[in-house]
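J.: everything below, folded, please.
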Amino acid sequence: MKKALIVIAFLLCSSSFVFAGGPMVAPKSEEVARPVEKPKLVNVDLADDLYNISKHWTIGIGLGGNPLIGLVEKDGFGYPQCEYGVTCVLGYGYTWISGQPTQAQIKAAIESIKAKNGNFVDEKKLPSMVRDEVGIKQLNYVEIGTWAAILPINAEMGMMWILSDNWRTRLGIGLPTLISFGINYDF
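T.: Okay, the predicted model is just below:
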């Protein structure tokens, strides 16, 4: 009886291996159709929310008063208004930024975008489209802060360039740091 049970168990196990199937050939990654994510479209006429100022974290590297970590206040078009935080010279700095476009320039840029692309554009591309249409990518800045948390003042002035929605760079002069430069990423 034991032998019969062993033979039946062997037949059941071996038959399950036979019907389990052979090796499968997986399709190549090029053959698999990936779902295409459609961009969220926004009405260009309803871009009033982009005028609001919001705070974003920023991290950076550089020399002088460039913030290592801090906050930057930007409008929805990506133009910074001011920034503050711990600087590369281990102090605290506050930066005023000027040269942003006026509301009239932005409205003219939006009208031009609407004439070229219609009323609806990709929500993520609208800020860079407006900056490209306005043409202002270079801003001026003035910064006051501390130097090495000891000296009560670090004063700088210079130029800041907007590279993309999140990247900015700067070059300036100041005292006691003679040359200031750096690059920041805004979250």
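J.: surely residue 69 is in contact with residue 59?
T.: Yes: contact status for residue 69 versus residue 59: in contact at 5.3 Å, counting by C-beta atoms under 8 Å. No exception for glycine: its C-beta is placed from N, CA and C like everyone else's.
J.: residues in contact with the residue nearest to residue 40 when sequence neighbours are not counted?
T.: In this structure, residue 40 finds its nearest non-sequential neighbour in residue 123, 4.6 Å apart by C-beta to C-beta, 6 or more residues apart in numbering. By C-beta atoms under 8 Å, 6 or more residues apart in numbering, the contact list for residue 123 reads 39-42.
J.: now do the same contact list for the residue nearest to the spatial centre of the chain.
T.: Residue closest to the average C-alpha location in the chain (C-alpha atoms, centre = their mean): residue 166, at 3.7 Å. For residue 166, the contact set (C-beta under 8 Å, 6+ apart) comprises 185-187.
J.: cutoff 10 Å now
T.: Taking C-beta atoms under 10 Å, 6 or more residues apart in numbering, we find residue 166 in contact with 56, 58, 74, 78, 184-187.
J.: for the residues you listed, could you give me a markdown table that also reports distance to residue 176?
T.: A markdown table is the format used below for the contacts of residue 166 (distance: C-beta to C-beta, whole Å):
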| residue | distance to residue 176 |
| --- | --- |
| 56 | 29 |
| 58 | 23 |
| 74 | 29 |
| 78 | 32 |
| 184 | 22 |
| 185 | 27 |
| 186 | 27 |
| 187 | 30 |
